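Visitor: Here is my input, please return the structure:
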Amino acid sequence: MPKTILCISSYEKGQEFLRQAKREGWKVLLLTSKSLEHGDWPKDHLDNIYFIPDTNKEWHMPDVISGVSYLARTEQIDRIVALDDFDVEKAATLREHLRIGGMGESTARYFRDKLAMRMKARDAGITVPDFIGILNYDRIREFLSTVQPPFVLKPRLSAGAIGIIKIGSAEELWKKIDELGDQQSFYLLEKFIPGDIYHVDSILVKNQILFSIVSKYGLPPMEVSHEGRVFMTRTIRRGSEDEISLQRLNRMVLPSLGLLQGVSHTEYIKAKSDGKIYFLETSARVGGAHIVELIEGATGMNLWSEWAKLETAEDVSAYRPHVQREEYAGLMVSLAKQQWPDLSTYNDPEIFWKINKEFHAGLVVRSTDCDRIELLLNSYTERFYSDFFTSAPPKDKPSH
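Guide: Below you'll find the model as predicted:
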């Protein structure tokens with residue numbers, strides 16, 4: 001009898017994970033939002049799909065626990081996987097309730113709660129920007145007396161740049177804290193450090209990193225989100241000083257936070273002032289914003305598929321990432337003023353992938369030459385702003 005994996009996703013993503021899990025011979029169940037009932041799910045690879053009533057992707061967890069427990073009366077659920085950042089806690093709660101192996105609620109906090117992950121990393125001797133939880137006012141005043149603005153005020157349980165606010169003074173901070181009311185404890189304050197932001201995308205087995213690749217954002221995600229810019233990232237030169245330093249730091253960060261098995265997207269900043277590299281935040285999921293396609297361009301390996309292979313492996317010790325090549329890749333994505341942007345004039349032989357999404361323009365280029373990637377991205381940036389670019393107000397909460 002095949003084993004059963006329950007995948008949880010309050011967003012429309014992870015289709016390749018679902019397909020691969022089915023290819024591995026598992027029974028695949030999907031629990032998703034009712035609002036995504038007509039989403040592009042690979043139903044030919046699903047044994048069943050269940051829907052949770054939702055408002056702005058918010059689920060009522062007692063109903064989720066009751067519903068999945070009822071399902072467990074007739075389904076022997078062997079594995080539970082969260083496909084999106086906002087589902088990590090849901091999956092952990094269900095594992096704890098059903099007593100199924102995998103990341104529990106305590107460890108999940110280190111990969112969802114920005115305050116918890118910073119405290120844990122700092123305790124492990126990892127360099128992080130100065131920060132304070134919005135909890136005790138005396139401690140906040142002490143922080144403000146020793147750390148100079150600007151700051152960033154971040155939701156502890158959000159993802160990416162959603163809801164982040166730049167703060168220029170103590171007066172501005174106290175005003176914002178007052179506006180937050182009873183929600184203020186769900187925020188943290190962090191010293192704003194100008195610099196270049198990198199992400200390291202990894203696969204881990206038994207607390208050991210088996211694969212990781214380092215990339216650098218063109219502009220900080222917060223700037224892209226708040227000011228309206230073309231999103232860009234590219235893999236950096238292998239063997240460079242930054243690549244070596246970030247790989248070394250990443251090997252410290254993920255095991256110290258307790259990720260035993262799975263995938264992770266982790267962000268770091270290299271300060272312009274002193275060249276130090278600081279840990280920013282991490283997650284127990286694949287990177288969003290089409291970073292999966294970026295990595296596939298560089299390596300030939302799809303992280304969704306690899307994650308599914310790992311989660312369904314009979315013996316995880318025998319698992320090895322299926323890296324086909326070691327090239328370089330660059331990714332660009334922009335909101336577009338056209339409903340279906342025409343990317344046909346972007347026809348260089350290095351183009352690996354083009355987005356197919358309403359009101360979006362995007363592509364991935366790949367090459368054996370790191371400098372060629374940089375040249376193409378610089379050229380395409382000007383063209384994207386001219387051909388497609390438009391902007392929208394930044395999100396203050398997640399939306400589909």
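
Visitor: shaky segments in the protein?
Guide: 225-227, 394-400 (pLDDT under 70).

Visitor: Pick out the residue nearest the middle of it.
Guide: Residue closest to the average C-alpha location in the chain (C-alpha atoms, centre = their mean): G287, at 3.9 Å.

Visitor: show me the contacts for that one.
Guide: G287 is in contact with H199, D201, H265, I295, L303, counting by C-beta atoms under 8 Å, 6 or more residues apart in numbering. C-beta: built from backbone N, CA, C; applies to glycine.

Visitor: who does the helix or strand harbouring the fourth one touch, helix- and strand-wise?
Guide: Counting by DSSP states H and E, the element that carries I295 is helix 291-299. With contacts taken as 3 or more C-beta pairs under 8 Å, 6 or more residues apart in numbering; DSSP states H and E, helix 291-299 sits against strand 195-205, strand 208-217, strand 231-235, helix 303-311, strand 328-335, strand 351-354, strand 360-367.

Visitor: sec struct for the residue nearest to the centre of the chain, please.
Guide: Secondary structure assignment for G287 (DSSP: H, G, I helix; E, B strand; the rest coil): coil.

Visitor: Can you show me the strands along the stretch 51-200 of the chain?
Guide: Along the stretch 51-200 of the chain, counting by DSSP state E, counting those that start in this stretch, strands occupy 77-82, 131-133, 151-155, 165-167, 187-191, 195-205.

Visitor: Residues in contact with the third one: which ones?
Guide: Meaning strand 151-155. Counting by C-beta under 8 Å, 6+ apart, 114, 134, 162-167, 173, 176, 186-192, 222 sit against strand 151-155.

Visitor: Strand 360-367 and the helix holding I295, what's the angle between them?
Guide: 20 degrees (axes from the mean of the first three to the mean of the last three C-alpha atoms, to 10 degrees).

Visitor: picking up where we left off before, just give me the closest of the contacts of G287 to H97.
Guide: Distances from H97 to the contacts of G287, taken as C-beta to C-beta, are shortest for H265 (26.8 Å).

Visitor: looking at the helices and strands packed on helix 291-299, which is buried most?
Guide: strand 328-335 (a mean of 25; mean count of other C-beta atoms under 10 Å).

Visitor: for it, packing partners?
Guide: strand 231-235, helix 291-299, strand 360-367, helix 370-387.

Visitor: Now that L144 has come up, it's in contact with S169, right?
Guide: No - counting by C-beta atoms under 8 Å, L144 sits too far from S169 to count as a contact (9.4 Å).

Visitor: Look at these two and report which has more neighbours.
Guide: Of the pair L144 and S169, L144 is the one with more neighbours under other C-beta atoms under 10 Å, namely 17 against 12.

Visitor: Nearest residue to the more buried one in space, please, no chain neighbours.
Guide: In this structure, L144 finds its nearest non-sequential neighbour in A170, 4.8 Å apart by C-beta to C-beta, 6 or more residues apart in numbering.

Visitor: I'd like to know how many residues surround the one you found.
Guide: Around A170 there are 16 other residues, counting by other C-beta under 10 Å.

Visitor: and if you look at S106?
Guide: When neighbours are defined as other C-beta under 10 Å, S106 has 11 of them.

Visitor: related to what we said a few turns ago, which single one of the contacts of G287 is nearest to L157?
Guide: Nearest to L157 among those: H265, at 16.4 Å, using C-beta to C-beta.

Visitor: Is that closest one bridged to anything, and to what?
Guide: Applying DSSP bridges to H265 gives these bridge partners: D201.

Visitor: Could you measure from it over to I355?
Guide: Separation of H265 from I355 (C-beta to C-beta, to the nearest Å): 19 Å.

Visitor: For the two, indicate the residue with more neighbours.
Guide: A direct count of neighbours by other C-beta under 10 Å for H265 and I355 places H265 higher, at 24 against 18.

Visitor: shouldn't the more buried one be in contact with T282?
Guide: Yes - counting by C-beta under 8 Å, H265 does reach T282; the two are 7.3 Å apart.

Visitor: if we can go back for a sec, quick one: contacts of the helix holding I295?
Guide: Residues outside helix 291-299 that contact it (C-beta under 8 Å, 6+ apart) are 16, 199, 201, 213, 215, 233-235, 265, 286-287, 301-304, 323-331, 352-353, 364-366.

Visitor: Let me have the strands of the stretch 51-200 of the chain in JSON lines, extended by distance to R229.
Guide: As requested, the strands of the stretch 51-200 of the chain are exported to JSON lines (distance: least, C-beta to C-beta, whole Å):
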{"stretch": "strand 77-82", "distance to R229": "29"}
{"stretch": "strand 131-133", "distance to R229": "26"}
{"stretch": "strand 151-155", "distance to R229": "17"}
{"stretch": "strand 165-167", "distance to R229": "15"}
{"stretch": "strand 187-191", "distance to R229": "21"}
{"stretch": "strand 195-205", "distance to R229": "13"}
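
Visitor: Of the ones you listed, which is nearest A92?
Guide: The nearest among the strands of the stretch 51-200 of the chain, by C-beta to C-beta, is strand 77-82 at 7.9 Å.

Visitor: Show me the domain layout of this structure.
Guide: Annotated domains of the chain cover 4-109, 130-191, 195-387 [automatic domain parsing].

Visitor: so which of these gets nearest K120?
Guide: Shortest distance between K120 and these, using C-beta to C-beta, is found for domain 195-387: 5.6 Å.

Visitor: Quote the end-to-end distance of that closest one.
Guide: This stretch, domain 195-387, spans 29 Å end to end (C-alpha to C-alpha, to the nearest Å).

Visitor: Pull the distance from that domain to the chain's centre.
Guide: Here domain 195-387 is found 10 Å from its chain centre; the criterion is C-alpha atoms, centre = their mean, to the nearest Å.

Visitor: Report the buried residues of the host helix or strand of P255.
Guide: Assigned by DSSP H and E, P255 falls within helix 241-257. Neighbour counts using 16 or more other C-beta atoms under 10 Å place D242, E243, S245, L246, Q247, L249, N250, V253, L254, P255, S256, L257 of helix 241-257 among the buried residues.
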